[in-house]
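Enquirer: Okay, sequence plus prediction incoming.
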Amino acid sequence: MDLKLKGKTAFITGSTSGIGFASAKLLLQEGANVILNGRNEKGVSEAVDKLKASVPGSMVKGIATDFSKQTEVEFLLEQLPLVDILINNVGIFSSQSFFETTDEDWHQQIEVNVMSGVRLSRHFLPKMLEANWGRILFISSECATLVPTDLIAYSTTKAALLAISRGLSHMTSGTGVTVNTIIPGSTLTEGAKRFLDGVAAKENKTRGEVEHEFFSKVRTSSLLERFASVEEIANTITYYASPLSAATNGAAIKLDGGSMGGII
Ligand SMILES: NC(=O)c1ccc[n+]([C@@H]2O[C@H](COP(=O)([O-])OP(=O)(O)OC[C@H]3O[C@@H](n4cnc5c(N)ncnc54)[C@H](OP(=O)(O)O)[C@@H]3O)[C@@H](O)[C@H]2O)c1
C-alpha cells in the first residue's frame, strides 16, 4: 500500500528512542521528511545518524529541545520550518504515591506531556488550515482511563490530551486537516525492556516471566496479554499521519490490546 507520504514533512517530539523513533523510521521508509527531537544535541545527532544508516537516502534532521523548558520551546518554534504532520509524542511519567507527588512533579508532567502539544498545535494548526492539509496526532496512553494509583498525574495529562485533540478537531471542519489521538497500551520500548530486566534480575526470573506476571496480576484487562512492539504502534501512527486516513477526525484510536474495555 502506498501511504502517499512522499514529500510530506513530519515533526515528532521525543523521538530519539521508543515509539517516536520507530514512527520516524517508518515515515522515512514511506518517503516523508522527518525532524526528530530529544533533549540534547548528542542524543539527537546519534538518532539522526542511526536513521540515516538504516534508511539510506532519507531526509532526516533533528532539533534538540527540552519541553520542560518554555524558553527552549519558544526558540524551537522560531527554528522549525512549516510541517505537514505534527506528532505530539513526548511523554514522561513518574511512578509514585499520590501523596508524595509534589506540585513540581505535577507541573513537570503537565509541561512536557500537555503544554508541548498545546504550544506546537497553537503554532502549526493555523498554518495547516491555511494550507488546507495537515495531520496532528497526540500520543495518549491507556492510563488515561485505567488511571493506576501510582500514575495519577501522568494519567491526568494523558486524559487531557483527549480533550485537547477533540477540541482542536472541531476547528478543522470542511478542511483537509485532521486531529486525532493514538492511545497505546504497554509497549516494549528500550526503557520498558530495561525495567523488566531489572525486576527479572532482582527476582531471579526471566524477562518473559516478569512480563507474564504483569499481565496476570496488574494489567488483567489486557486481551493481548503481552507488550505491543514499538513497530506495532508506529504502523498505526504512520497510517493516521498519512493522507489515506482522511475520513478519521476527532477520534481516539485505541492500541491498548483491549485493556481499556468498552465496545467502541
Ligand atoms: N512505552 C509505553 O508503554 C507507552 C504506553 C502508552 C503510552 N506511551 C506514550 O507514548 C509516548 C512515547 O513513549 P515511549 O515509551 O516511546 O518514550 P521513551 O522510550 O521513554 O522515549 C522518550 C523520548 O522522549 C524524549 N524526551 C524525554 N523527555 C523529554 C523532554 N523533556 N523534552 C524533549 N524530549 C524528551 C527522549 O529523548 P532524549 O532522551 O534523547 O532526551 C526520547 O526520545 C509517550 O507520550 C508515552 O506517554 C508509552
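Expert: Nice, thanks for sending it over. Numbers count the residues shown, from 1 in each chain.
Enquirer: drop to CA atoms for contacts and neighbour counts, all remaining ones
Expert: OK.
Enquirer: interface residues of this protein facing the ligand?
Expert: Taking Cα under 6 Å from any ligand atom as the measure of proximity, the chain contacts the ligand at 14-20, 38-40, 43-44, 65-68, 89-92, 112, 139-141, 184-187, 189, 191.
Enquirer: Could you rerun that using 5 Å?
Expert: Contact residues, the chain versus the ligand (Cα under 5 Å from any ligand atom): 14-19, 38-39, 43, 66-68, 89-91, 141, 184-187.
Enquirer: mind listing which of the residues you listed are in helices?
Expert: The helices, defined by DSSP state H, take in 18, 19, 43 from these.
Enquirer: residue contacts, the second one?
Expert: Which is residue 19. 89, 189, 230, 231, 233, 234 (Cα atoms under 8 Å, 6 or more residues apart in numbering).
Enquirer: and what of the last one?
Expert: Contacts were defined as Cα under 8 Å, 6+ apart; by that measure residue 43 touches residue 16.
Enquirer: What are the buried residues along the helix ranked longest in the chain?
Expert: If you go by DSSP H, the chain has its longest helix at helix 152-170. Across helix 152-170, burial judged by 16 or more other Cα atoms under 10 Å covers 152-162, 164-166, 168-169.
Enquirer: Quick one: mean pLDDT for that helix?
Expert: The average pLDDT within helix 152-170 is 98.
Enquirer: do the same with stretch 248-262
Expert: 98.
Enquirer: Compute the first-to-last residue distance for it.
Expert: From its first residue to its last, stretch 248-262 covers 19 Å (Cα to Cα, to the nearest Å).
Enquirer: related to what we said a few turns ago, nearest to residue 239 among the ones in helices among the residues of the chain next to the ligand?
Expert: Residue 239 has its nearest neighbour among those in residue 19, at 14.1 Å by Cα to Cα.
Enquirer: Let me know how buried residue 50 is, in neighbour terms.
Expert: Residue 50 is flanked by 13 other residues according to other Cα atoms under 10 Å.
Enquirer: rewinding a little: how far does the longest helix of the chain sit from its chain's centre?
Expert: Distance of helix 152-170 from the chain centroid (Cα atoms, centre = their mean, to the nearest Å) equals 13 Å.
Enquirer: Can you work out which other helices and strands pack against that helix?
Expert: If you count contacts as 3 or more Cα pairs under 8 Å, 6 or more residues apart in numbering; DSSP states H and E, helix 152-170 packs onto helix 103-109, strand 134-139, helix 143-146, strand 177-184.
Enquirer: got the contact list for the shortest one?
Expert: Counting by Cα under 8 Å, 6+ apart, the neighbours of helix 143-146 from elsewhere in the structure are 151, 154, 155, 156, 157, 158, 159, 185, 260.
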